[in-house]
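Participant: turn this into a structure:
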Amino acid sequence: MEEAGAELVVHYNDMAFMGFIEILFYFRKILKNLKHCRRDILTYNPDVVILIDFAGFNLKIASFLKKKNIKSYFYISPKVWAWYTGRAKKIKRIVDRMFVILPFEKAFYAKYDFEVDYIGNPVIDAVNQHKPDPSFLEDPRIFNKQKYVALLPGSRKQELRSILPNLVKLASDFSETQFILGGIKSIPQELYSDVEKVPNITIVFDRTYDVLAFSNAAVVTSGTATLETALWDIPQVVIYRSNSPVTVLIVKMVIKVKFISLVNLIAGREVVRELIQEKLTREHLNDEMLKLLDDTTYRDRIYTDYAEVRNILGNEPVSDKAADLMIKYLKN
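Facilitator: Model (predicted):
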């Protein structure tokens, strides 16, 4: 957005909080950002505000916009189908147009008599437009083993603290395998300090798609990266763990879906294995890694299922379609 000419008033990295208890520690900062955002909107006096993902924050802004009689277009629906489905009624009341990126979301909102636009998934655009860099193969730190595994541990501090110890153990158990960890430069580098000590893990910053393009398998923290990995046709295992017992308890009480990875949610069944919370053990992760690397039948089944997921998503230019619809609705 900045490259396209947008002014970043507050950077998203300063607002990437997650977890129920964790958010309490940043509550005053969140309130300050909400106040700042409301003031900025009134000063700018827009014809429409495009709210992108980030449901906890943006639904509060949508309520504010409704009171001020300013139109709101919500791009990437809140995950109301996963928990607290009753929020769909509130969304219908406060949001003028909703643009969804998962096929089943259109049917979900139809149950609440709210017509939304399914535009495809923007990850498709990103993957289709990226050309792997051949020079990536020339990095002497990386390509000195027979097999390469991508490690995508997430981009939030809480995720890294709970996930990275598991990846360090995995790499120590597969010493003949080269692990390439997709790091994020914008987060504190000391979070990667334990990983840097492991001889067969190399951290490559801000080049996730190149990391995936040249890998044989992947270990991916649940999130958008699971779908990106599928679209790159890389067999994967999805992992997740929270170190907050209260957060885990609340999630178990309210969660409404059988899976947490986008790949499995889109397919409606298990395409890739999910190792979540107590299932994320050293033994389970090692067993899955052996199958992903050496079991040809297992890998072929994943490839077939990935093709089905791509077929469900479609292959239209998603961002262009979203922009065209937004302009059309605004003019009308």
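Participant: only C-alpha atoms from now on, for both contacts and neighbour counts.
Facilitator: Noted.
Participant: okay, now the closest residue to Leu313 other than its chain neighbours: neighbour count?
Facilitator: Closest residue to Leu313 apart from its sequence neighbours, by Cα to Cα, 6 or more residues apart in numbering: Gly120 at 5.8 Å. Gly120 has 23 neighbours, counted by other Cα atoms under 10 Å.
Participant: quick one: pLDDT of Val116?
Facilitator: We note a pLDDT of 98 for Val116 in this prediction.
Participant: before we move on, the earlier item: wait, the residue nearest to Leu313 sits on Val318?
Facilitator: Yes: with contact defined as Cα atoms under 8 Å, Gly120 and Val318 form a contacting pair (5.6 Å).
Participant: show the contacting residues for Ile302.
Facilitator: For Ile302, the contacting residues are 235, 271-272, by Cα atoms under 8 Å, 6 or more residues apart in numbering.
Participant: the residue nearest to Leu313 falls within a strand, correct?
Facilitator: No: according to DSSP: H, G, I helix; E, B strand; the rest coil, Gly120 belongs to no strand; its state is coil.
Participant: elements contacting the helix or strand that contains Ala150?
Facilitator: Using DSSP states H and E, Ala150 sits in strand 147-152. Counting by 3 or more Cα pairs under 8 Å, 6 or more residues apart in numbering; DSSP states H and E, the packing neighbours recorded for strand 147-152 are strand 177-183, helix 208-213, strand 217-221.
Participant: ok, which of those comes nearest Ser77?
Facilitator: The closest of the helices and strands packed on strand 147-152 to Ser77 is strand 217-221. By Cα to Cα, the value is 20.6 Å.
Participant: who does that closest one pair up with?
Facilitator: Sheet pairing here is set by DSSP bridges, and for strand 217-221 it gives strand 147-152 (parallel), strand 236-240 (parallel).
Participant: got a list of contacts for it?
Facilitator: Applying Cα under 8 Å, 6+ apart, the contact partners of strand 217-221 are 148-154, 163, 212, 226, 229, 234-240, 292-293.
Participant: that one: what's the following helix or strand?
Facilitator: Using DSSP H and E, the helix or strand that follows strand 217-221 towards the C-terminus is helix 224-231.
Participant: who's Ala150 bridged to?
Facilitator: Bridge pairing for Ala150 (DSSP bridges) gives the partners Ile180, Ala218.
Participant: and it, how far from Ile276?
Facilitator: Distance, Ala150 to Ile276, by Cα to Cα, to the nearest Å: 19 Å.
Participant: what are the ranges of the helices in the stretch 51-200 of the chain?
Facilitator: Remark: helices assigned in the stretch 51-200 of the chain by DSSP state H, counting those that start in this stretch are 55-67, 87-94, 103-110, 122-129, 157-173, 193-196.
Participant: buried set for the second one?
Facilitator: Under the neighbour-count criterion of 16 or more other Cα atoms under 10 Å, helix 87-94 has 88, 91-92, 94 buried.
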